[in-house]
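Visitor: Next comes the sequence, and after it the predicted model I'd like to discuss.
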Amino acid sequence: MKVFLALWLAISAVAAPPLFFAQNVASTALVLWTPADAGLTAYWLADDISGADLDPVGTWPDGVGSNDATASGSARPTLDLAVAGINGKAAVVFDGVNDGLTYPATGFQTGAAEHYVVVVIKTSETTSWAPIICWGATASNQARFIFAASTSNSIYTGYYINDKSDWGAVGSAWAIVEWKCLGTSEEVWLNGTSLGSRSLSSVNTGSPETGFPRIGDYNDGGFVQYLNGSIAFIGNSTNSADSERLVGWAAHYYGLTANLPGGHPYKTDPPYK
């Protein structure tokens, strides 16, 4: 009996490592990084919207919790719960006629030396201008926006509608668009690749536009335009490393890694904590 007990104890010691060892192994497991880990000012993820497929979107909740985007009546866009081309994730569909959401002015950093926006969007424009997101509405900041144009499906961005630049063709496929304000210059990136930069020194300094902040439409009191397309995610960060992680996260979350250039740090693996 003593021999059997000794043998059993010896086998058990090999087959079952000490508890502290097992806990140590578990603690080294990789954990995916998500937008919730970035300390963002605000972000809108269509997967967070409550509702059934094709329901009107009255509230698009902010993942941070204090900057929900809202709409009412016919201005409400539509929820699509299983979108082709982005891993079957949800998206908010704007009809290009009268859809648009508003959100609190605190939803984005304004006037920051580094202002980043990451958007996953598909555009199919029917109007001369198609706003994706607009923000900033004070004399010190003026209005900032990202647009996709109809005839060429190009990205436009700037402080003012009278001060715009063509930032390259996006086409009608899902893409990750990033806008960076770098103090005296701005850049637009498409799918992890820079489309160029320009100085902000000649920005229009007139009175700010009205009707901000908005998602999916633009209204300066006379010039009104709407997006005919879909948005799955919008995020805001003032940290360059987090901005790059957002691009990497979006590429893997939405199955858009093929869009990233070969040298992108998250081309193969998503960001981890």
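Guide: Structure received. Numbers count the residues shown, from 1 in each chain.
Visitor: What's the separation between the residue lying closest to Gly96 once chain neighbours are set aside and Ser172?
Guide: Closest residue to Gly96 apart from its sequence neighbours, by C-beta to C-beta, 6 or more residues apart in numbering: Asn228 at 2.7 Å. The C-beta positions use only the backbone N, C-alpha and C, and glycine is treated the same way. Distance from Asn228 to Ser172, counting by C-beta to C-beta, to the nearest Å: 11 Å.
Visitor: Of those two, which one has the most company?
Guide: Asn228 (20 against 11; other C-beta atoms under 10 Å).
Visitor: thought that one was touching Val93?
Guide: No - counting by C-beta atoms under 8 Å, Asn228 sits too far from Val93 to count as a contact (9.2 Å).
Visitor: shaky segments in the stretch 1-150 of the chain?
Guide: Along the stretch 1-150 of the chain, segments meeting pLDDT under 70 span 1-28, 105-116, 124-129, 136-145, 148-150.
Visitor: Can you list the residue ranges for helices in it?
Guide: For the stretch 1-150 of the chain, helices defined by DSSP state H, counting those that start in this stretch occupy the ranges 2-15, 19-27.
Visitor: Now do the strands in the stretch 51-200 of the chain.
Guide: With strands called from DSSP state E, counting those that start in this stretch, the stretch 51-200 of the chain shows them at 59-60, 69-70, 78-80, 91-95, 101-102, 115-123, 129-135, 144-149, 154-160, 163-169, 175-181, 185-190, 193-199.
Visitor: so which of those comes closest to Thr238?
Guide: strand 115-123 (6.4 Å; C-beta to C-beta).
Visitor: Relative to that closest one, what are the paired strands and their orientations?
Guide: strand 175-181 (antiparallel), strand 228-237 (antiparallel) (DSSP bridges).
Visitor: Now it - C-alpha only, PDB.
Guide: Provided in PDB are the C-alpha atoms of strand 115-123 (Å, rounded to 0.1, in the frame of the first residue of the first chain):
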ATOM      1  CA  HIS A 115      -6.400  64.800 -34.000                       C
ATOM      2  CA  TYR A 116      -7.100  61.400 -35.400                       C
ATOM      3  CA  VAL A 117     -10.200  59.900 -37.000                       C
ATOM      4  CA  VAL A 118     -10.500  56.300 -38.100                       C
ATOM      5  CA  VAL A 119     -13.600  55.400 -40.300                       C
ATOM      6  CA  VAL A 120     -14.700  52.200 -42.000                       C
ATOM      7  CA  ILE A 121     -17.000  53.300 -44.800                       C
ATOM      8  CA  LYS A 122     -18.500  52.300 -48.100                       C
ATOM      9  CA  THR A 123     -19.700  55.100 -50.400                       C
END
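Visitor: which residues sit in contact with Arg214?
Guide: Counting by C-beta atoms under 8 Å, 6 or more residues apart in numbering, Arg214 touches Gly100, Leu101, Thr102, Tyr103, Pro131, Ile133, Cys134.
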